[in-house]
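In: based on what follows, work out the 3D shape:
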Amino acid sequence: MAIINRIAAYADDMKTWRRHLHAHPELQFDCHQTAAFVAEKLRAFGVDTIHEGIAQTGIVAIIEGNGDGPTIGLRADMDALPIEEMTGAEYASTVPGKMHACGHDGHTTMLLGAAKYLAETRNFKGRVALIFQPAEEAGGGAGVMVEEGIMDTFDITRVFAIHNVPGHDFGRVFTTPGPIMASADTFTIDIEGKGGHGAYPHYAIDPIPPAIAIAQGFSTIVSRNHRSLDDLVISVTQIHSGSIDNVIPATAYLNGTIRTFDPDVRAMAERRMEEIVAGAATSYGVTAQFTYVRGYPPTINDADQVDFAAEVARGVAGPAMVDATASREMGAEDFAYMLQARPGAYMFLGTGEGAGLHHPEYDFNDDVAPIGASIFARLVESANPV
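Out: Next comes the predicted model:
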């Protein structure tokens, strides 16, 4: 494995940075302490300019290379999750109800490691734009940064990101051209009937049968309304109604998520869901308010940039440790907005055994940070060689 020697030399520093970030998690756009820590390190590294306050707490830092050339963007997310930590680590979260359960502390550390090296060596032409982004888990911080003009302001021509994955071989890199992660939409349904005594249902209008019918109907969209080779997930994740055994409730509530990679499938699912809700309301004599909210779009890699990034990763992780045709995932990622704005690639990096992402016992594997930092750095040096 060809980790950059200079980056390997400050692996202990990176571990210290990561564990500081881990102990001080922040949510969504409220990444003020995290951004201040990042900016402090970037100034110490000697980056050329630091632009703060983008999407409230986001940062874009610029490092100038040796000679004219395009600007390559590297992105790391900074926010944590509203989860009570159960790792028992000495550097565990100091903030009740918040923890870095997805490894964004590690992603930020990897990009800081690359920044330190690139600012020291500047063995590339053009510029690198280091993008430290808030609100990946909720809020779409990547989309807000794009809306605020970072791609045009900093003349970014292509953009890359890396996400850690526990449970996969340590140091294994995998990605794929085209869709790699799904869109993430949500729905809510508020059903209103007429409450009454459980012994006299004929005097009531029970909202529970239509709620059940709707949930069952949604399953037929996947099995009967779309081509079986097109990925689609519709999950009803909440059904709430009633409070006691002898009362027919007046209302029911359903909630869930829809995942797909195809805009046409996405539109079909929304249309069929609305039709099923309306039909159930008519059939059961209730009113039903259906709300469909489009969330993150599919994360779609550019094929040429995947080829490029995979070749760079092979130089760091080794040829046998890189899979450039991996299976796509039904999870979602707001880096999708950056890939809508510019060609690029999203990659996964295996961290070995450990609790899964979003688990209260999850912890980022610090030993993988020099690998991620080296891949980030080599992307820049390979894209714009001196």
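In: burial measure for residue 164, as a count.
Out: Neighbourhood size, residue 164 [other CB atoms under 10 Å]: 23. Yep, even glycine has a C-beta here, placed from its N, CA and C like the rest.
In: next: residue 89.
Out: 13.
In: measure residue 286 to residue 113 for me?
Out: Distance, residue 286 to residue 113, using CB to CB, to the nearest Å: 57 Å.
In: no no, residue 72
Out: 17 Å.
In: higher neighbour count, residue 286 and residue 113?
Out: Per other CB under 10 Å, whichever of residue 286 and residue 113 has more neighbours is residue 113, with 30 against 21.
In: Three-state assignment for the more buried one, please.
Out: Applying DSSP: H, G, I helix; E, B strand; the rest coil to residue 113 yields a three-state assignment of helix.
In: that one reaches residue 7, doesn't it?
Out: Yes. Contact criterion CB atoms under 8 Å: residue 113 and residue 7 qualify, at 5.6 Å.
In: got the buried residues for the host helix or strand of residue 33?
Out: In the assignment (DSSP states H and E), residue 33 maps to helix 32-45. Neighbour counts over helix 32-45 (16 or more other CB atoms under 10 Å) mark 34-35, 37-39, 41-42, 45 as buried.
In: now pLDDT and distance to residue 132 too, for those, in JSON lines please.
Out: JSON lines is the format used below for the buried residues of helix 32-45 (pLDDT from 0 to 100; distance: CB to CB, whole Å):
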{"residue": "34", "pLDDT": "98", "distance to residue 132": "8"}
{"residue": "35", "pLDDT": "98", "distance to residue 132": "7"}
{"residue": "37", "pLDDT": "98", "distance to residue 132": "10"}
{"residue": "38", "pLDDT": "98", "distance to residue 132": "5"}
{"residue": "39", "pLDDT": "98", "distance to residue 132": "9"}
{"residue": "41", "pLDDT": "98", "distance to residue 132": "10"}
{"residue": "42", "pLDDT": "98", "distance to residue 132": "9"}
{"residue": "45", "pLDDT": "98", "distance to residue 132": "13"}
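In: out of those, what pair is the most spread apart?
Out: The two members of the buried residues of helix 32-45 with the most space between them (CB to CB) are 34 and 45, at 16.6 Å.
In: need the strands for the stretch 1-150 of the chain, in chain order.
Out: Using DSSP state E, counting those that start in this stretch, the strands of the stretch 1-150 of the chain run over residues 49-54, 58-64, 71-77, 127-133.
In: for residue 361, find the nearest of these.
Out: strand 71-77 (20.7 Å).
In: overlap in contacts of residue 113 and residue 7?
Out: Counting by CB atoms under 8 Å, 6 or more residues apart in numbering, the shared contacts of residue 113 and residue 7 are 370, 373.
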